[in-house]
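In: dropping the sequence and predicted coords here.
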Amino acid sequence: AQRKWYIPYDTSKGKLGGNAMTIFNAKIITGSNLKKSNTEQGKKVPNIFIYNLSSKEFISVIDSISGINKYTITSFVVKDNKIFAGTTGGVFISTDDGINWKKKSKGLQYEVGANSFDYEVHKLFVKGNYVYAIITYPTQSGSFPGSGNIAYSTDDGENWNFPDPYQILPDVFLSNVEATDINCIDNQLILTTQYGIYSSSDSISNFVSIKDTIMCGGIVRDMAVSQGKIFAVLGYGVDQNNTGLWVSEDQGNTWIQPNNEMSLLDLTKIAVKDSFIIVGNGYYEKNPWYSTDNGKTFSKITKEQGLDYLQTFTIKIIDDTIYIGTRNGIYYSKDWAKTWKKLNDSLNNQVIYYITNYENYMFAGSNNNLFFISEDNGLTWKKSIIPFNDYILKINDIKVINKSIYIGTTGYIRDGIYLIQVGGGIFTS
């Protein structure tokens, strides 16, 4: 049957696209980057877009009364019936679903001589009665430079305050918090900074470093969950001391490295089933490893076992079969990684970045806009091409939702999510 791919919302022409998005009252509200040349030339262009999911109505907003139209929208957050917008010119609030805005930035200014200027607000977060903002001095591009100071409001943005960094971060001796992000989990406020990760059960005080109780400083490349445990692999981050395999048995509150040998490796992929763990490296041609005893011991997988290409782009366990995507097709093992065979010669010379399944179907994502489909558990494969000839896309994620296939892509110029719509049966238009 003919397969039809489309983007659910086309963001390539400025509509519904940009730096920030929120969903409120059945509406998608997005904010865009504003070219500095437009404001310098007095041009008024929309920087807020609203899409009504019920009526399918699309609205472009130019609010020159509040002045929000002069700034790049960097973030949104919703508190009660209010939408807060972080911009390169401070904080704005809307009470009518994003149509009209008011500036609420008292306290978010700095002075140079007799002049006062707005801080740029790059991230917003709400917890309880507090609204938090990560701010910076003006940047040339309006993009977040990586870290900034933190401010907070307890009266819906009417007034903004700055905490004393010496009071909230016990081991920091600078006047700027250098915050990179703020969030919460289990009512704990989590603050990430240039100096580490901190948590607090209070609002914006008494932060405690959690570096000693949780993996910190590396980059989590992949995760898996099995038997109530969370498994994470770290590799190629800033802190090389935290590479390898980490495991948490208490929903991520504390982490351990179960095997010292694995702590020395940069890892990017993992799959787990019961007591079996397999890890690999998708960056370089390095040996995958597997364990059959919950990570207490590991064995190296070599080419002599049948895995001709060691670089591991993806790992998938389906029933009792393990599949690995390589730069030359898919390999599989039916004896828990002891021996390996090539799945099918029709995938020769194809880089496989992702593998998943649905009922008797298997799906594989490749580069050059190629999506592979098997209707017989991998015995034979058919090819589908995403029809965007001007863009070279790499398919690195695949999800099946209500008999529709969503694929995540990366590529030069255009990244995005694409959809194959199905009708009476899967893959039929």
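Out: Received it, and whenever you're ready, just let me know what you need. Residues are numbered from 1 along each chain as shown.

In: from residue 185, how far off is the closest residue to residue 385 other than its chain neighbours?
Out: Excluding the flanking residues, the one nearest residue 385 by CB to CB, 6 or more residues apart in numbering is residue 369, at 5.3 Å. (Each C-beta comes from the backbone N, C-alpha and C, glycine too.) Using CB to CB, to the nearest Å, we find residue 369 at a distance of 38 Å from residue 185.

In: again with residue 277
Out: Distance from residue 277 to residue 185, by CB to CB: 25 Å.

In: so for the two, which sits in the more crowded spot?
Out: Legend: neighbour count by other CB atoms under 10 Å for residue 277 and residue 185, higher for residue 277 (29 against 11).

In: got a pLDDT number for that one?
Out: Predicted confidence (pLDDT) for residue 277: 96.

In: repeat for residue 415
Out: pLDDT, residue 415: 54.

In: tell me if I'm right that residue 156 and residue 79 touch.
Out: Yes: with contacts counted by CB atoms under 8 Å, residue 156 reaches residue 79, the gap being 6.8 Å.

In: okay, these two: which has more neighbours?
Out: Neighbour count, other CB under 10 Å: between residue 156 and residue 79, residue 79 has more, with 18 against 14.

In: not counting sequence-adjacent ones, nearest residue to residue 259?
Out: residue 295 (5.5 Å).

In: you'd agree that neighbour is in a strand?
Out: No: assigned with DSSP: H, G, I helix; E, B strand; the rest coil, residue 295 falls outside any strand and is coil.

In: what residues are up against it?
Out: 245, 247, 258-259, 262, 277 (CB atoms under 8 Å, 6 or more residues apart in numbering).

In: okay, and the beta partners of residue 78?
Out: Applying DSSP bridges to residue 78 yields these beta-bridge partners: residue 83.

In: again, but for residue 408
Out: Applying DSSP bridges to residue 408 gives these bridge partners: residue 397, residue 417.

In: for it, which residues are in contact?
Out: Shown in contact with residue 408 (CB under 8 Å, 6+ apart): 395-399, 417.

In: filter those to the buried ones?
Out: The neighbour-count test (16 or more other CB atoms under 10 Å) marks 395-396, 398 as buried among the contacts of residue 408.

In: how many residues are close by residue 254?
Out: Residue 254 sits with 14 neighbouring residues when counted by other CB under 10 Å.

In: touching, it and residue 230? I think so.
Out: No: contact criterion CB under 8 Å: residue 254 and residue 230 do not qualify, at 10.8 Å.

In: what touches both of these two?
Out: residue 248.

In: separation between residue 243 and residue 226?
Out: Using CB to CB, we find residue 243 at a distance of 21 Å from residue 226.

In: what does stretch 269-279 contact?
Out: With CB under 8 Å, 6+ apart as the test, stretch 269-279 has contacts from 221-227, 229, 231-233, 245, 262, 265, 267, 280-282, 288-295, 298, 312-317, 322, 336-337.

In: go with 7 Å
Out: Here stretch 269-279 makes contact (CB atoms under 7 Å, 6 or more residues apart in numbering) with 222, 224, 226-227, 231, 233, 245, 267, 280, 282, 288-295, 312, 314-317, 322, 336-337.

In: and the buried ones among those residues, selectable in ChimeraX?
Out: Applying 16+ other CB under 10 Å to the contacts of stretch 269-279, the buried members can be selected in ChimeraX as follows:
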select :222,224,226,231,233,245,267,280,282,288,289,290,291,292,294,295,312,314,315,316,317,322,336,337
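
In: for the stretch 151-300 of the chain, give me the ranges with low pLDDT.
Out: Under the criterion pLDDT under 70, the flagged ranges of the stretch 151-300 of the chain are 167-176, 195, 202, 205-206, 208-218, 237-241.

In: show me where it has its helices.
Out: Along the stretch 151-300 of the chain, counting by DSSP state H, counting those that start in this stretch, helices occupy 165-168.

In: ok, what's across the strand from residue 185?
Out: Under the criterion used (DSSP bridges), residue 185 bridges to residue 188.

In: that one and residue 252, how far apart?
Out: Applying CB to CB, the value for residue 185 to residue 252 is 8 Å.

In: might you report the residue contacts of the closest residue in space to residue 249 that isn't next to it in sequence?
Out: Using CB to CB, 6+ apart and skipping the chain neighbours, the partner closest in space to residue 249 is residue 229 (5.4 Å). With CB under 7 Å, 6+ apart as the criterion, the residues that contact residue 229 are 247-249.

In: ditto for residue 349
Out: Contacts for residue 349 were tallied using CB under 7 Å, 6+ apart; they are residue 328.

In: so residue 367 sits right up against residue 394, yeah?
Out: Yes: using CB atoms under 7 Å, residue 367 is in contact with residue 394, at 4.6 Å.

In: in the stretch 151-300 of the chain, which spans are strands?
Out: For the stretch 151-300 of the chain, strands defined by DSSP state E, counting those that start in this stretch occupy the ranges 179-185, 188-193, 196-200, 208-209, 220-226, 229-234, 244-248, 269-273, 276-280, 289-291, 299-300.

In: next, format those as CSV and append distance to residue 122.
Out: Shown next, in CSV, are those (distance: least, CB to CB, whole Å):
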stretch, distance to residue 122
strand 179-185, 10
strand 188-193, 14
strand 196-200, 19
strand 208-209, 24
strand 220-226, 23
strand 229-234, 26
strand 244-248, 29
strand 269-273, 32
strand 276-280, 35
strand 289-291, 40
strand 299-300, 44
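
In: looking at the ones you listed, which is buried most?
Out: Comparing those by mean neighbour count (mean count of other CB atoms under 10 Å), strand 276-280 comes out on top with a mean of 26.

In: restricting to C-alpha, output stretch 322-337 in PDB.
Out: Extracted in PDB, the C-alpha atoms of stretch 322-337 (Å, rounded to 0.1, in the frame of the first residue of the first chain):
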ATOM      1  CA  ILE A 322      18.900  -9.300  20.900                       C
ATOM      2  CA  TYR A 323      19.300  -7.000  17.900                       C
ATOM      3  CA  ILE A 324      22.100  -4.500  17.300                       C
ATOM      4  CA  GLY A 325      22.100  -1.800  14.600                       C
ATOM      5  CA  THR A 326      25.500  -1.400  13.000                       C
ATOM      6  CA  ARG A 327      27.000   0.600  10.100                       C
ATOM      7  CA  ASN A 328      26.300  -2.500   7.900                       C
ATOM      8  CA  GLY A 329      22.800  -3.700   8.800                       C
ATOM      9  CA  ILE A 330      21.400  -5.500  11.800                       C
ATOM     10  CA  TYR A 331      23.000  -8.400  13.700                       C
ATOM     11  CA  TYR A 332      21.100 -10.600  16.200                       C
ATOM     12  CA  SER A 333      21.800 -13.100  18.900                       C
ATOM     13  CA  LYS A 334      19.500 -15.900  20.200                       C
ATOM     14  CA  ASP A 335      21.800 -17.100  23.000                       C
ATOM     15  CA  TRP A 336      22.200 -14.000  25.100                       C
ATOM     16  CA  ALA A 337      25.100 -12.400  23.200                       C
END
